[in-house]
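**Student:** Please find the sequence and the predicted model below.
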Amino acid sequence: TVSVANAVVDEAEEIKTTLGDEVELLTILDQSEFIEGSISQLVRSAIIGGVLAIIVVFLFLMAFRASLVTAVSIPLSIIIGFLAMRLWGITINLLTLSAMAIAVGRVIDNSIVVLEMIYRRMQQGEHFRDAALDGVKEVAIPITSATLATIVIFIPLAFVGGIVSQLFVPFALTMTFALIASLLVALMVVPPLSNFPVSGKAK
């Protein structure tokens with residue numbers, strides 16, 4: 001939409017030079033402006049969410065590096081989600097951006113659960129490698145179940161026909177891509193990054 005709208009605006013500017021003074025060419029509606037505004041809001045939401053996540057995790061774990069690890073899951077999940085959208089042929093529009101904005105608040109949950117489990121095991125005296133492997137094994141099924149349960153909610157939209165399908169199926173797929181990305185990040189990216197000093201480690 002943004003590409004088409006920008007191309008139309010550029011073409012309109014060229015046409016204006018041929019119309020003379022008696023005809024005025026005006027833009028009545030440009031959806032690209034709303035989409036670009038939504039992109040800015042999405043970026044702002046991701047930044048605010050990341051900062052708040054760092055603060056909250058730090059307050060509970062009292063480990064600044066742990067907070068940074070969980071915050072990494074937000075941009076990574078969003079980037080992977082956008083890549084999946086591109087591969088699926090889903091365009092960026094108001095609905096898909098809304099879905100991604102909603103997903104921003106959800107993508108960090110899995111990472112927090114995995115990190116907290118690893119952190120707790122390391123506090124109990126386990127070596128990082130054992131804490132990471134056993135911690136992920138312990139929470140992999142619960143967080144996968146929770147993620148899939150959220151995704152399943154959107155399945156009925158796939159069977160809706162007509163204009164509703166055209167509008168909400170991309171919304172549902174965008175949410176699904178972001179949530180699956182957050183699960184992959186939590187299980188595959190967060191554990192290797194969790195090797196940091198632990199306060200209050202058991203002797």
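**Tutor:** Looks like it came in fine.

**Student:** Can you report how many residues neighbour residue 110?
**Tutor:** 27 (other CB atoms under 10 Å). The way it works is simple: take the backbone N, C-alpha and C, and place the C-beta from them, glycine included.

**Student:** what's the helix or strand for it?
**Tutor:** Assigned by DSSP states H and E, residue 110 belongs to helix 109-123.

**Student:** Alpha carbons only: can I get that helix in PDB?
**Tutor:** Output in PDB follows, covering the C-alpha atoms of helix 109-123 (Å, rounded to 0.1, in the frame of the first residue of the first chain):
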ATOM      1  CA  ASP A 109       6.400 -14.000  28.200                       C
ATOM      2  CA  ASN A 110       8.100 -17.200  27.100                       C
ATOM      3  CA  SER A 111      11.600 -15.700  27.400                       C
ATOM      4  CA  ILE A 112      10.900 -14.500  31.000                       C
ATOM      5  CA  VAL A 113       9.700 -18.000  32.000                       C
ATOM      6  CA  VAL A 114      12.800 -19.700  30.400                       C
ATOM      7  CA  LEU A 115      15.200 -17.200  31.900                       C
ATOM      8  CA  GLU A 116      13.700 -17.400  35.400                       C
ATOM      9  CA  MET A 117      14.000 -21.100  35.400                       C
ATOM     10  CA  ILE A 118      17.700 -21.100  34.300                       C
ATOM     11  CA  TYR A 119      18.400 -18.300  36.800                       C
ATOM     12  CA  ARG A 120      16.800 -20.200  39.600                       C
ATOM     13  CA  ARG A 121      18.700 -23.400  38.800                       C
ATOM     14  CA  MET A 122      22.000 -21.500  38.700                       C
ATOM     15  CA  GLN A 123      21.200 -19.900  42.100                       C
END
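
**Student:** Pull out the buried residues from that helix.
**Tutor:** Within helix 109-123, the residues that count as buried by 16 or more other CB atoms under 10 Å are 109-119, 121-122.

**Student:** The helix or strand just after that helix vs helix 109-123, what angle?
**Tutor:** Downstream of helix 109-123, the first helix or strand assigned by DSSP H and E is helix 128-152. If you take axes from the mean of the first three to the mean of the last three CA atoms, to 10 degrees, helix 128-152 sits at 160 degrees to helix 109-123.

**Student:** buried stuff in helix 128-152?
**Tutor:** Residues 128, 131, 132, 135, 136, 139, 140, 143, 146, 147, 151 are the ones in helix 128-152 that count as buried (16+ other CB under 10 Å).

**Student:** quick one: which of those residues is nearest to residue 27?
**Tutor:** residue 151 (39.4 Å; CB to CB).

**Student:** Excluding sequence neighbours, find me the nearest residue to that closest one.
**Tutor:** Excluding the flanking residues, the one nearest residue 151 by CB to CB, 6 or more residues apart in numbering is residue 176, at 5.0 Å.
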